[in-house]
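*Asks:* okay, predicted coordinates and the sequence, questions at the end:
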Amino acid sequence: MPPLLCYVTDRNALADPARLNEQIARAIAAGGITIVEITMTVPGAIDVIAELRAISGLLVGAGTVLDAETARRCIEAGAEFLVSPILDSATVRLARCEGKVVMAGGLSPTEVFDAWKNGSDFVKVFPCGNMGGPSYLKTLKTVLPQIEMIPTGGVNLANMTSFFEAGASAVGVGSELVSMDDLLTGNFDAIEESARRYSAVAYEVNIARRVKYDNAVS
């Protein structure tokens, strides 16, 4: 199944970050999403990464990583992947040296190509929604088909399939998955159900891709 990345943002300072993020992570994992990105905008983000590592079956990474020193601290805390909205070559080199997946950011064709050329495993296309969403990603993939791209910003249930059809290798989902109302009320059952809906769409996309591949090779 294509991975879904849940971006846990700094609004989670509404309560104890470690406890709240653990509750969110457990809820979305129960809903089928087992890849979680903790952005450096979350208070005490590195401690949160260390805490979430204890959840069985959860793959935890760090987001909004802007420099190699922060990247190293995240890796030491247990981050299995690093994500950035920009390209920092030193961070990419460190991640590759440590055997961690890295997703540097880019928006324009030049930025996307530079991130890939510098060794990024995937390129985070952000903010993709502001640039036209799936249609913009499709344009990028038309000229740069060899690059694995992950759109973030503006991905939701209504357009997620379109992003995959446009060529997304994975998608990043944040506030569209975990609503502010559910956070404020502690409605983790609703968060779990939201995760199930996103997982169901990803599952259908994965099945469709598998059928397309089987037909192509048969």
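*Replies:* That came through, no problem.

*Asks:* low-scoring stretches of this structure, by residue?
*Replies:* 1-17, 213 (pLDDT under 70).

*Asks:* other SSEs contacting the top helix by length along it?
*Replies:* Longest helix of the chain, by residue count under DSSP state H: helix 188-217. Counting by 3 or more C-beta pairs under 8 Å, 6 or more residues apart in numbering; DSSP states H and E, the packing neighbours recorded for helix 188-217 are strand 4-8, helix 17-30, helix 160-165, helix 180-185. All C-beta spots, glycine's among them, are computed from the backbone N, C-alpha and C.

*Asks:* so which of those is the most surrounded?
*Replies:* Greatest average neighbour count among the helices and strands packed on helix 188-217 goes to strand 4-8 (a mean of 25), per mean count of other C-beta atoms under 10 Å.

*Asks:* thinking A30 is in contact with I191, fair?
*Replies:* No. Counting by C-beta atoms under 8 Å, A30 does not reach I191; the two are 9.1 Å apart.

*Asks:* helix, strand, or coil at A104?
*Replies:* Three-state call for A104 (DSSP: H, G, I helix; E, B strand; the rest coil): strand.

*Asks:* residue contacts, it?
*Replies:* Residues near A104 by C-beta atoms under 8 Å, 6 or more residues apart in numbering: S84, I86, L87, D88, T91, V92, A115, N118, S120, V123, K124.

*Asks:* for it, give its distance to A18.
*Replies:* Going from A104 to A18 by C-beta to C-beta, to the nearest Å gives 27 Å.

*Asks:* on the three-state scheme, I38 is what?
*Replies:* Using three-state DSSP, the structure places I38 in strand.

*Asks:* how many residues are close by it?
*Replies:* The local packing of I38 (other C-beta atoms under 10 Å) involves 32 other residues.

*Asks:* same check on R196?
*Replies:* Neighbours of R196 using other C-beta under 10 Å come to 14.

*Asks:* that one contacts I28, correct?
*Replies:* No. Using C-beta under 8 Å, R196 makes no contact with I28, being 9.3 Å away.
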